[in-house]
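Asks: Let's see this in three dimensions:
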Amino acid sequence: MLNLNKTWFTTKFLWFLYFGSLAFFHIRGDIQKIVFNTENIIVICLGFFSLYFLSESFNHACKSRFMRTFWGIFLIILYYFGIKYHYRTTNSFDYAVFIDNIRDALNPESAKVVAGTFKSKDIWIAVYMIPVLIFLEIWKKIFSKSFVQRRFTFSGLFLGIYLIGLFNLPYLFEEVSYTVKTGLEYYFGGLEKGEHYKELSSKENPFSKELLSTRERKNPHIFIVALESFNGLYINKKVDGKVITPVMNELTKEGLYAKNFYGNSIQTTKGHFSILCSRLPLLRGKASYKVDPSKVDCLPKELGKIGYESLFFQIYSNLEFDNARAFMKGIGFKHVQAALPSKLTEKQRNENIWGWGIQDDLGYKQYLDSSLEIIKQSEKPLFSMVATISHHMKFNYIPQSQRYIYPGDSGNGRKERYLNSLHLSDKYLGTFIDLLKEKGLYENSLIILTGDHSFPGGEHGYYSNEMGYNEESFRIPFIAIWKNQIEPQVIDKLAFSQLDIAPTIYDYLGYNLKIRASGQSILQATESVAPIVQPYDGLYLGSINWPSKYVWSKRFNKTVVYNLLEDPMELRPVDIESKEISILKDTLTVNENTLLTK
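Replies: From the prediction side, this is the model:
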C-alpha cells in the first residue's frame, strides 16, 4: 500500500508539477487541451505512477544525504525545463528530434534556434530554485527525512518496472516519461508488418519501375526551386483581407498547378531526398548522412546520362550542414555551390543578411549567375535546384523595413511573424521569375516551383512542424511552367507528393527509363496516393487518397480518416481500419531496409 508519509519529497513535488502543468496547459487551450474521456483519464493517472517509479528508483539508490539532495534537485529542475520546453514549443521534448539533429546543433544558426527555445526568465527561475531547495534541505531535511533504508536492488526493481511499463504503455502526458518513451521507441520500436511487406520484401528490387512517356523528346534547361517552409494552403487565400502570396497566385495560371500537393515529411534534407530521388524519407535519421548514394537513382545522375550538366545551389552558405555537399555530390550533382556573402556589397552585407543567411532575392541572383556560367562553359542543357533560406523558423529576424503584411510592432506575434515571412518568400520568388525573364531563361526552360516542406502557422495551435499531422504541416506548392509546352491547368481531384516530381520531369522530357522510384508522373495519373511521415511527436503516418486522409498515430495506436472536402480543418475524425496505412507501414519498412542494408 502506498504510504504518502514515506514518499520522497521529490516524488510529491514532481506530482505537483505534473498536475499543475496539465491544468495550466488545458486551461490555456492552445498548448495541450485534453479530452476527458476514459482513455485519457487512465493515461493521466498512469503519469502519476510513472513519476512514482522513476523518482523512487533514485530515492532508494541514493544512500547519502548529499546524493539524495543532488538527484532530488536534478529531477525537479529537469521536470521544470520539460514543462518550459512544452510551454515554449507547444509539445513535449521528443528524443528523436534531439538525436536526429545533434550533429548540426552547434552550427551558429541552429544554436540560435536552440537557445531561443527558452527565455532568460526560464533560466533565472531555475537558478533561484536551486539554492532555495538546498536551504530547505539544510533547514527541514526535505530530501533526506523519512528515508526507508532498502537494498540497492530495490531501486533497480523500480527502474525496471518504470522502463518496461513505459515501453508497453501508450505515450503519457507526463514530460520526462514522454521523452524516455520516445527514446525507447527510437531504438527498440518498429512498425508492425502486414501482408504487403512479404510481397515487397520478396522482390530483388522492390522499388524498380519502368517510366514511360508518349511525349516528344526535348532537353530544356530545368530549374527546381525548393522553397523553404512554404505552406501551400495560403496560395490564393487572404488573411485579414490581405493577400499573402500574390506572386505564387499569378504563377498558378502559368502552367500545371497541382492544388493538393504534399511534402512527404517535415525537414529540408528529407524533402530534398524525396524531390530528387523519388523515395520516401527515412523514419529515423537523415538520408544525407545514412544512405549510400549507390542505393538510389536520383535526378542529377539519371539526367547526366542523357547529356545534362547539373548544379545544386543553396542560399544558406554552410554546405556542410546536414552533409549537403557530400550527399549532393554523391547522388550525381557535378556542381554544388552556396550563396557567398563575399559577393555582396558592404551595404548588402549590413542590410540583407539576417535570419539564416543572405536574403533570397540576392541568393537567386548568385544562383542564376552560376547557372549561366555553367551553361556557357559546358554548352549542355542544365538541370539545377536551388534551396532558399529566408523563410526559415522562427521567422523573427525580418527587418522592420520588410514587414509588409503586418508592419512595425504589429508583426511581433507568432502568427504575424510567420505571415510576414511567407509573404517575403513569395516576394523574393517574384525577383527570381523576373531574373529568369531578364536573362532569357523563362521562355525555354522547365521550371518547377515547390517546397522542401511545409510549416504550420498556428492553424491548429502549432508553430512547429515537428508536431502534428494536419494539412498545414505537409501541404506545399507544385507548379510546373514551360512556356508554349505546358498548358495552364489546375489539378484538384487528386493528391500528389514530392515523390512524383522526378517521374513527372522525365515524362515532360519524353524519356523512357527503368529506375528505382516510388512516385508516378502527374501527367499520366488517374489515381494517386500521397504518403506523409511525421517522424516526431510520437510518430504519425498519413495516406491521402483525395479527399480521404487516413492518419495513424503510433502514440495512440489507432487510425482515423478525414474527408478533406467536407472537413478541411480536420475537426471530425472517424475511427477506421485502413488498408492504406497498412501498405504504407510495409512500404516504409522495406524502403528503410533497402536504403540502409549494406
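Asks: give the contact list for I34.
Replies: L22, H26, N40, I44, F173 (C-beta atoms under 8 Å, 6 or more residues apart in numbering). Any C-beta I mention is one placed from the backbone N, CA and C, and that applies to glycine too.
Asks: From those, keep the buried residues only.
Replies: In these, burial by neighbour count holds for L22, I44, F173, counting by 16 or more other C-beta atoms under 10 Å.
Asks: so the first one is in which element?
Replies: L22 belongs to helix 9-28 when elements are defined using DSSP states H and E.
Asks: which parts of that helix are buried?
Replies: F9, T10, T11, F13, L14, W15, L17, Y18, S21, L22, F25.
Asks: Need the mean per-residue confidence for that helix.
Replies: Averaging pLDDT along helix 9-28 gives 94.
Asks: after it, next one along is what?
Replies: Next along the chain after helix 9-28, taking DSSP H and E as the criterion, comes helix 38-61.
Asks: Who are the packing partners of the next helix or strand after that next one?
Replies: Sequence-wise, the next helix or strand downstream of helix 38-61 (DSSP H and E) is helix 65-89. The elements that helix 65-89 packs onto, with contact taken as 3 or more C-beta pairs under 8 Å, 6 or more residues apart in numbering; DSSP states H and E, are helix 9-28, helix 38-61, helix 120-140, helix 175-188.
Asks: Export those helices as a markdown table, with columns for distance to N593.
Replies: Below are the helices and strands packed on helix 65-89 laid out as a markdown table (distance: least, C-beta to C-beta, whole Å):
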| stretch | distance to N593 |
| --- | --- |
| helix 9-28 | 39 |
| helix 38-61 | 33 |
| helix 120-140 | 42 |
| helix 175-188 | 17 |
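Asks: so what's S110 up against?
Replies: By C-beta under 8 Å, 6+ apart, S110 lies in contact with N101, D104, F321.
Asks: Distance check, the last one against G189.
Replies: In this structure, F321 and G189 are 28 Å apart, going by C-beta to C-beta, to the nearest Å.
Asks: With the first one instead?
Replies: As judged by C-beta to C-beta, N101 and G189 stand 19 Å apart.
Asks: out of the contacts of I34, which one sits closest to Y463?
Replies: Sorting the contacts of I34 by how near they are to Y463, with C-beta to C-beta, puts H26 at the top with 18.9 Å.
Asks: so that closest one makes contact with K33?
Replies: Yes - H26 is in contact with K33 according to C-beta atoms under 8 Å; the separation is 5.7 Å.
Asks: Tell me the buried residues in stretch 327-339?
Replies: Under the neighbour-count criterion of 16+ other C-beta under 10 Å, stretch 327-339 has 327-339 buried.
Asks: From these, which land in helices?
Replies: Those of those mapping onto helices are F327, M328, K329, G330, per DSSP state H.
Asks: will you turn the residues you listed into CSV that also has pLDDT?
Replies: CSV is the format used below for those (pLDDT from 0 to 100):
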residue, pLDDT
F327, 97
M328, 98
K329, 98
G330, 98
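Asks: Which single one of those residues is nearest to S317?
Replies: S317 lies nearest to M328 out of these, by C-beta to C-beta, at 14.8 Å.
Asks: I'd like to know which helix or strand in the chain has the lowest mean pLDDT.
Replies: In the chain, no helix or strand scores lower on mean pLDDT, DSSP states H and E than helix 108-115, which sits at a mean of 76.
Asks: tell me which residues in that one are buried?
Replies: Neighbour-count burial for helix 108-115, counted by 16+ other C-beta under 10 Å, picks out E109, S110.
Asks: Secondary structure element for L446, which one?
Replies: Assigned by DSSP H and E, L446 falls in strand 445-451.
Asks: and that strand, what does it pack onto?
Replies: Other elements packing on strand 445-451 under the criterion 3+ C-beta pairs under 8 Å, 6+ apart are strand 221-227, helix 414-438, strand 478-481, helix 501-509.
Asks: Mind putting the contacts of I34 into TSV with distance to S401?
Replies: Listed next are the contacts of I34 as TSV, based on distance: C-beta to C-beta, whole Å:
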residue	distance to S401
L22	43
H26	41
N40	48
I44	49
F173	44
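Asks: and stretch 485-494, how far out from the chain's middle?
Replies: From the chain centre to the centre of stretch 485-494 is a distance of 28 Å (C-alpha atoms, centre = their mean, to the nearest Å).
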